[in-house]
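A.B. asks: Sharing a model prediction with you, sequence too.
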Amino acid sequence: PFKLWDRDASPPWSDRETDRPYCGLTWHAPTRSFYICAFSGVDRDAKTGKTFSKNLTDAILRYDLRTSKWYEVERHDIDKGGVYPHHDPAVQKPPHGWLNGPDNCLAVGDWLYAVSKDNSLLVRYDLRALAQDPEAGAPPSLVELAQDVTTRNQGRLRLEGHSALAQRDGWLYVATRTSGHVVRLRLDAAFLPAEPRVVELVGLFDAYDPQTKRSSNLTDMSFGPDGRLY
């Protein structure tokens, strides 16, 4: 019942042809908001004539039912090429630009967790202020899981292509499209990563093969009513 922008108003990339969208959607009851994360490439820029910019329109947006308005959680700077570190958290207030290819997100407790396929990060956004005030602005954020992790059961691993999220029984599950890993991160009672950090390898599927250009391509996962992870 709502749209991303007014069809009578030109979006900032209206003169650019975009495709390859990857999207994730989640609902967060305390903020009465839907969160959508998406990235796509740009095939042709009518202004410059240049072709293909992979992360130009990356963003995480929030639609608040209390105000019926869209807000930014994270967005890349389209006029600077789209790639992190635009909106660098070290020097600027939110919204930041952590994620290259934010293709999945999950609201858990007071937090929004989101992952990126292209620079392989798990980022957590603090939604507590937004629960009290829909106009509180873009939420503060930080990286919780990067590429190199030490697991309790398999030692040091390199995770590549973070792309899917699930949560159950005090664990946050992350699946990767490129390296084919499924790992889980222990959460505390407030749904924050527990300290000391505990990461476990849950599953391992076929990694990306540059010769065949194929992989297991893990893009989503979910728990069934039988308690199994699919």
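C.D. replies: The structure has been received and is ready for your questions.
A.B. asks: Now do stretch 149-157: distance from first to last residue.
C.D. replies: Taking CA to CA, to the nearest Å as the measure, stretch 149-157 stretches 5 Å from start to finish.
A.B. asks: right, I mislabeled it, should have said stretch 144-155
C.D. replies: Using CA to CA, the end-to-end distance of stretch 144-155 comes out at 18 Å.
A.B. asks: Buried residues in that stretch, which are they?
C.D. replies: Within stretch 144-155, the residues that count as buried by 16 or more other CB atoms under 10 Å are 144-145, 149, 151. Placement of C-beta: from N, CA and C, glycine included.
A.B. asks: quick check, distance from it to the centre of its chain.
C.D. replies: Per CA atoms, centre = their mean, to the nearest Å, the displacement of stretch 144-155 from the mean C-alpha position of its chain is 19 Å.
A.B. asks: now swap in stretch 112-129 and tell me
C.D. replies: Distance, stretch centre to chain centre, for stretch 112-129: 5 Å (CA atoms, centre = their mean).
A.B. asks: For it, buried residues please.
C.D. replies: Residues of stretch 112-129 classed as buried: 112-125, 127 (neighbour count, 16+ other CB under 10 Å).
A.B. asks: do stretch 209-227 as well
C.D. replies: Using 16+ other CB under 10 Å as the burial criterion, the residues of stretch 209-227 that qualify are 215-216, 218, 221.
A.B. asks: and the end-to-end length of that stretch?
C.D. replies: Stretch 209-227 has an end-to-end distance of 32 Å (criterion: CA to CA).
A.B. asks: likewise stretch 187-205?
C.D. replies: With CA to CA as the measure, stretch 187-205 spans 24 Å from end to end.
A.B. asks: what is the rounded mean pLDDT of it?
C.D. replies: Stretch 187-205 carries an average pLDDT of 97.
A.B. asks: go on, stretch 65-79?
C.D. replies: Regarding stretch 65-79, the rounded mean pLDDT is 86.
A.B. asks: next helix or strand past the helix or strand bottoming out on mean pLDDT in the chain?
C.D. replies: Scoring the helices and strands of the chain by mean pLDDT, DSSP states H and E places strand 51-53 at the bottom, with a mean of 62. As assigned by DSSP states H and E, the chain's next helix or strand after strand 51-53 is strand 59-64.
A.B. asks: buried residues in the helix or strand following that following strand?
C.D. replies: On the C-terminal side of strand 59-64, the closest following helix or strand by DSSP H and E is strand 69-75. Neighbour-count burial for strand 69-75 flags 70-71, 73-75 (criterion: 16+ other CB under 10 Å).
A.B. asks: For strand 69-75, name the packing helices and strands.
C.D. replies: Other elements packing on strand 69-75 under the criterion 3 or more CB pairs under 8 Å, 6 or more residues apart in numbering; DSSP states H and E are strand 59-64, strand 121-126.
A.B. asks: Name the pair among the buried residues of strand 69-75 with the greatest separation in space.
C.D. replies: Using CB to CB, the buried residues of strand 69-75 reach their maximum pairwise distance at 70 and 74, which is 13.2 Å.
A.B. asks: all helices in this protein, in order from the N-terminus.
C.D. replies: Along the chain, counting by DSSP state H, helices occupy 128-132.
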